[in-house]
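[1] With the input below, show me the fold.
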Amino acid sequence: MSEAVATVVDVTAALSLPLDEEFLASCFGDAVTFRGRACLRERKVRSVTVQSGDHVSGVVAGSRGEVYQVAAFADVEEWVSRCTCPVGQACKHAVAVLLSLGPDGQGTAVDQAGAMVEAWPAAAPRVVKPKPAWETALADLTPNAAGTDLVPIGLQFELNAATGRSGQRVPVQVRLRPVVPGRAGRWVRTGISWRDLPFEYGPLRRVPEHRDVLVELYRAAQSAGSTGFYGTTDAVFLDDVGPQLWRLLGEAHRAGVTFVTAKTQADRVVLEPPAPLRMEATRDRDLLLEAVVGRASGPTPVAGLTLVGTPVHGAFVVTDDALRLVPFAGRVPVELSRMISRFPRLEVPAADVERVRAELVPALQRMVELVSPDGSVELPSVEPPVLALTVSHAEGARLTLEWALVYPAAPVEGDGVPEGRRVPLGGAGSDPGRDDRAERALLTGLVLPDGRFPQLRQATVQRGLVPTVELRELDAAVFCEGVLPSLRAQGVKVTELGDAPDYRAATSAPVVSVSVTDPAADGSDWFDLGITVTVEGQEVPFAHLFRALATKQTHLFLPSGTYFPLDGPEFAVLAQLIAEAAGMADPRKPPTRINRWQAGLWGDLRQLGVVAGQSARWERSTAALLALDELPTPPVPAGITAQLRPYQLEGYRWLSLLWDHDLGGVLADDMGLGKTLQALALLQRAKDAGELTAPVLVVAPTSVVGNWVSEAARFAPGLQVSAVEETSAKAGRPLTERIAGADLVVTSYTLLRLDEAEYARATWRGMLLDEAQFVKNRQAKAYRAARTVDAPFKLAITGTPMENSLMDLWSLLSICAPGLFPDPEAFNELWRRPIERGTDPGRLGTLRRRLRPLMLRRTKELVAADLPAKQEQVLEVRLTGRHETLYRTALQRERRKVLRLVEDMDAHRFEILRSLTLLRQLALDPALADPEHDAVRSDKTEAFLEHLREVLAEGHRVLVFSQFTGYLARIRAQLDAEGIGYAYLDGSTRQRPAVIQSFTDGLVPVFLISLKAGGFGLNLTAADYVFVLDPWWNPAAEAQAVDRAHRIGQTRNVMVYRLVAKDTIEEKVMALKARKQAVFDQVVDDDGTLSAPLTAEDIRGLFD
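    All right, here's what the predicted structure looks like:
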């Protein structure tokens, strides 16, 4: 056996894509990968070179001893390949080369495949010496670094001839070949071919500019043919390339590619400038039509040239020992191309001249320049086509439109339809007597009100005219009055047939009147709504008006022939109000009812037009709500032991109004403004008036039940309060027995849910939902239980009526004011989507007007005079050392994973949130993510402790919040180590009141609280410093926690520190939180842009 020669592989650059068999199968397919593995085992791989991290080349033996050159490239996420084998791409040879490099991309498989070279003779394989890493990296920047000259490429033009009738050889085709300089200084075809041209093999490098333009030429030829770029053919002819041939030849010439001829067919190749094609007409007795090319050297009959392309786009001719290439200027129509290819010179007998002049000559004139160089032929003038419209009027306000095109026999004068050839729309391409380009320009330039008359256009990409269309009533009237004058002005020749009706646009503005009547005086919440529109003394049927507005019609047609536009401001408002009212009832029918909770809607209707009438009960119910600011404040009950502040008196007045009319609402004051006190004042007033015929139910979180009992004892001691702390089953008595004699019953959401039927059976005078965000989810059992409680007055009390979405607010209103927005799907369609997507800017203002009578909110900024100052500051913490390294490593890993998963948020929401949580924990303390990092110093903890020591030294009291109880546990350990006393509260704390009391009594200076446990039910005005250790994207949750200290009763300034790890996900969370704050602010406070809850785009933003 001859001496074996091992393959030398350059592995200095790490490959950018995997090389394992599974990955290659995903790129090349299972079958090709299987054959590639067999090829490797059969010892077919001769050499492999890693050119760079994304380029591998190699030599592989074929099945019959052939040798194939392979190049593989890393293309974004997959390997692609080129090969000189018949397959050309994605072949087994490429798989074999890649597999030979081994699973880790560092050439480990060379030894495994080493046995394959034992059968190779020493001279058989081509050994590729490895290059230094610097040379590989700089190869593209320094192509001659190794001293190798760039090899130019030439382009050879070879004439293929055929034998003519006279026996002489006539050139019919020109074949193109790439050539390179030979040893004797002549151009040779050896060592280069079209298919190998894109690849570089061996030490020789070709001039890149030459290679690039010739590769583009080859691709153009193959894409125009049927073999494909990597087909088996290596032949390229001028006819193959298409019109881009001339541009590419020009670029090749400018790039320095030498044009040469084959053998002795011609001495040189000349690329002439573009030449115009024209037809010349001359006449002695017969008529001669001849195609001529206006070359720079003079006119040349086409009959003396060989045409190139189908349709033709150029020609060539051999003259003066030169092959002259002549590109045509401009596009040659297909019909003209066929004609000059068959009959470049056409003689017409005298007897047929007039017919040809009438039929053929106009067609030629529309396709090509036609001249008579000697003036022997009088050529007719060519008139462009005109668009004609016939309008046929019929009884019943109907008309028919018929479109056509007319080719005038003479220049067009006046407005009448000219005499000439009348043709239907379309079909110009198959009629040589028509000008397709002029017709398309005429139809494309026609301006029609497509939005108003979509039926005039075809439902195709070209949007052509429908040849025949029938219009009725309003469409007919608007078309005749508004569209026909515009068409005439655009040059359309219009003919009207029949008697046109007396269509007339109304000149006076419509009058709108509204009314509300009590249908049965049965005390129900619904009233009959009447809307009437009158135009010039004619009453408009409201059902017709409703359909017109609902379908966004621009006008409304009356049987008299009068029509009027619906674009006036009163109709824009009316359309919105109708859509809103319809969404509360049956959206398929005109709105005929209105609910007593819809005072805001009635206010807008009342401003729209004349109030024709309203029932006394309706007026009583709405008048007060619409004039709230003008009503006097009822006296504060003597049984209230606190002094109500001015804004609390305003809230008490509003609550009294709702109570007096058995209307519910939402008290949405900022946290810490005394919502409980305002509610207690209302209940004491009701008791003093003898209106507490049954108890009022208060539902609150479990941790807040005791707070209600103590607040009632403190501020309204005259109220009999009963706290329900266990289910009826556990108590052994029914609920009604346990609450007998109570004015106020306080229970938890948990007990309400567990004893839903008990609470539903009981008789209540009212229901108050404290921290009402607990029932924001309309799918939850707590929400259902709250809705089943029957009470004439229901009030939601919450500082955060919306935490993420407008549907949170809908849930509260559906309990407390069920008639305002009865249908969640209608609310979603009419309000949430337009507002959150920003598609209807005015919708938000309308919603706020609807909410105003039934929702009251005051912010701390509005009542600033009653509160001490609150200052907020972000403390940036820069991660360093091991803490930073661990975070950055995890960030890169989780970013890749999350950006892939976020494409399907619903399916991967849990995994995404888990990744986000991991990064947030790492930004706090690496030990939270992995106990193995317990010894790693936390920069966040060090920064917090430094500030805490300073604050405590000055005698301040401190609240410390974190969402992670694990992190609070690590903070506790630090405080224990430093001897700092503290109280601790999270969701698992059992002796909650005792823990809170230890802080409020001053026994400890620090209170560690989990964000969830401290979000509600706490009054911690003893503290004047607040530390938020980790930001959260729900601003309402943070605000609730901070306002445990900044609330009524606080007498000192409150300082809030938010510790944020710089250049981490925490900074992104802060930015996201600022955007989500608009969810709350814009609907219940100020205008803004609504942001949807944590979308895929939000997630991507966290990793930008």
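[2] And F944, which helix or strand is it part of?
    Assigned by DSSP states H and E, F944 belongs to helix 939-953.
[3] Report the residue ranges of every domain in the chain.
    21-137, 150-265, 275-371, 395-501, 511-626, 628-817+854-866, 870-1102 (automatic domain parsing).
[4] Just the buried residues of the helix holding F944, please?
    D939, K940, T941, A943, F944, L945, L948, V951, L952 (16 or more other Cβ atoms under 10 Å). Any C-beta I mention is one placed from the backbone N, CA and C, and that applies to glycine too.
[5] and the first one, how far is that from G29?
    Distance of D939 to G29, given as Cβ to Cβ, to the nearest Å: 51 Å.
[6] picking that back up, please identify which of the buried residues of helix 939-953 is nearest to T839.
    If you rank the buried residues of helix 939-953 by distance to T839 using Cβ to Cβ, K940 comes first, at 41.8 Å.
[7] ok, the closest one touching V877?
    Yes. The pair K940 / V877 is scored as a contact, 5.3 Å apart, by Cβ atoms under 8 Å.
[8] what touches both of those two?
    Common neighbours of K940 and V877, using Cβ atoms under 8 Å, 6 or more residues apart in numbering, are L1059, A1061.
[9] Enumerate the positions of the helix or strand hosting V361 that are buried.
    According to DSSP H and E, V361 maps onto helix 353-367. Neighbour-count burial for helix 353-367 flags V353, V356, R357, L360, V361, P362, A363, L364, Q365, R366, M367 (criterion: 16+ other Cβ under 10 Å).
[10] sorry, back to before: in a markdown table, list the buried residues of helix 939-953 along with distance to R888.
    Converted to a markdown table, these look like this (distance: Cβ to Cβ, whole Å):
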| residue | distance to R888 |
| --- | --- |
| D939 | 13 |
| K940 | 16 |
| T941 | 19 |
| A943 | 19 |
| F944 | 22 |
| L945 | 24 |
| L948 | 28 |
| V951 | 31 |
| L952 | 34 |
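[11] about what we covered before: nearest approach to D823 belongs to which of the domains of the chain?
    Proximity to D823 (Cβ to Cβ) singles out domain 511-626 among the domains of the chain, at 6.7 Å.
[12] Including mean pLDDT and distance to L387, could the domains of the chain go into CSV?
    Shown next, in CSV, are the domains of the chain (pLDDT from 0 to 100; distance: least, Cβ to Cβ, whole Å):
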stretch, mean pLDDT, distance to L387
domain 21-137, 71, 51
domain 150-265, 79, 32
domain 275-371, 90, 17
domain 395-501, 80, 5
domain 511-626, 66, 25
domain 628-817+854-866, 89, 51
domain 870-1102, 80, 47
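[13] can you put the ones you listed in JSON lines and add distance to V377?
    Formatted as JSON lines, those follow (distance: least, Cβ to Cβ, whole Å):
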{"stretch": "domain 21-137", "distance to V377": "56"}
{"stretch": "domain 150-265", "distance to V377": "31"}
{"stretch": "domain 275-371", "distance to V377": "4"}
{"stretch": "domain 395-501", "distance to V377": "19"}
{"stretch": "domain 511-626", "distance to V377": "56"}
{"stretch": "domain 628-817+854-866", "distance to V377": "79"}
{"stretch": "domain 870-1102", "distance to V377": "69"}
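[14] wait, which of those is closest to T839?
    Closest to T839 of the domains of the chain, according to Cβ to Cβ: domain 870-1102, at 11.1 Å.
[15] Break down the stretch 701-850 of the chain into its helices, ranges please.
    Ranges of helices within the stretch 701-850 of the chain are 702-715, 728-731, 735-738, 749-754, 756-761, 781-788, 806-816, 824-827, 833-837, 843-851, based on DSSP state H, counting those that start in this stretch.
[16] among those, which is nearest V863?
    When these are compared by Cβ to Cβ, helix 702-715 sits nearest V863, at 18.5 Å.
[17] Could you list the buried residues of the closest one?
    Quick answer for helix 702-715 (16+ other Cβ under 10 Å): S703, V704, V705, G706, N707, W708, V709, E711, A712, F715.
[18] Please, where are all the strands along the stretch 1001-1104 of the chain?
    Taking DSSP state E, counting those that start in this stretch, the strands of the stretch 1001-1104 of the chain run over residues 1006-1010, 1025-1028, 1054-1061.
[19] Can you tell me which of the ones you listed is most buried?
    strand 1006-1010 (a mean of 25; mean count of other Cβ atoms under 10 Å).
[20] Partner strands of that one, with direction?
    Its sheet considered, strand 1006-1010 pairs with strand 958-962 (parallel), strand 982-985 (parallel) by DSSP bridges.
[21] Just the residues contacting it, thanks.
    Contacts of strand 1006-1010 with the rest of the structure, by Cβ under 8 Å, 6+ apart, involve 948, 952, 957-965, 968, 971-972, 975, 980-987, 999, 1018, 1020, 1023, 1041, 1044.
[22] swap the cut-off to 6 Å and go again
    Residues from elsewhere that reach strand 1006-1010 (Cβ atoms under 6 Å, 6 or more residues apart in numbering): V958, L959, V960, F961, T965, L968, Y982, A983, Y984, L985, D986, F999.
[23] Could I get those in CSV, plus columns for neighbour count and distance to I797?
    Converted to CSV, the contacts of strand 1006-1010 look like this (neighbours: other Cβ atoms under 10 Å; distance: Cβ to Cβ, whole Å):
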residue, neighbour count, distance to I797
V958, 24, 29
L959, 26, 23
V960, 23, 27
F961, 27, 23
T965, 16, 28
L968, 22, 29
Y982, 18, 31
A983, 20, 27
Y984, 22, 28
L985, 20, 23
D986, 16, 25
F999, 26, 25
